[in-house]
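>>> Structural data only, the sequence is not supplied:
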């Protein structure tokens, strides 16, 4: 098995943890029908390999006062991607940033309190000399929320 693959027990462990995020190791072991030490060893390996990124709660931005979700496609001045990323890191409304191919250099997911606040966030993004242009898509509805379970089930084993 390559470092990027998971086996059937790893997949069951991940699915069980996602279905029961507050479950303890002993209960995980009982649900999986394996020893507690096996669960601990598997978890340690999954964390060390970077498969498990964190154990924190998933927080819905809308429930903490940021109901407007948008995607900003950014065109960046030649050679200034690192400068743009450093600027974006200072903005709490920027939830994630991805380098992309195509007409945009960076794709950002942002949250805002209102459309007026979103306009302020966009203006703040554009204040960076590294950012040449933005194209914004406001999320009207979420048809398929972020999900991992189907991918875990489909992972090579």
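That came through fine. Everything numeric in this text was worked out from a predicted model, so none of it was measured.
>>> all contacts plus neighbour counts: C-alpha atoms, from now on.
OK.
>>> which residues touch residue 35?
residue 29 (CA atoms under 8 Å, 6 or more residues apart in numbering).
>>> how close does residue 76 get to residue 121?
Separation of residue 76 from residue 121 (CA to CA, to the nearest Å): 17 Å.
>>> Apologies, that question was intended for residue 21.
33 Å.
>>> Would you mind telling me which of these two has more residues around it?
Taking other CA atoms under 10 Å, residue 21 and residue 121 do not tie; residue 121 has more neighbours (19 against 13).
>>> quick one: that one and residue 88 touch, right?
No - if you go by CA atoms under 8 Å, residue 121 and residue 88 don't touch, sitting 10.2 Å apart.
>>> count of residues packed around residue 109?
Residues lying near residue 109 (other CA under 10 Å) number 18.
>>> Am I right that it is in a helix?
No - the assignment for residue 109, made by DSSP: H, G, I helix; E, B strand; the rest coil, is strand rather than a helix.
>>> Not counting its neighbours along the chain, what's nearest residue 83?
Once flanking residues are discounted, residue 83 sits nearest to residue 130: 6.3 Å by CA to CA, 6 or more residues apart in numbering.
>>> Report the contact partners of that neighbour.
Counting by CA under 8 Å, 6+ apart, residue 130 touches 76, 77, 80, 81, 83, 84.
>>> again with residue 10
residue 42.
>>> which secondary structure element contains it?
Take DSSP states H and E as the rule and residue 10 turns out to sit in helix 8-19.
>>> in that helix, what's buried?
By neighbour count on 16 or more other CA atoms under 10 Å, the buried set for helix 8-19 is 10, 11, 12, 13, 14, 15, 16, 17.
>>> and that helix, how far from the chain's centre?
Relative to its parent chain, helix 8-19 has a centroid offset of 19 Å by CA atoms, centre = their mean, to the nearest Å.
>>> Where do the helices of this protein begin and end?
8-19, 25-32, 36-48, 81-89, 115-126, 149-154 (DSSP state H).
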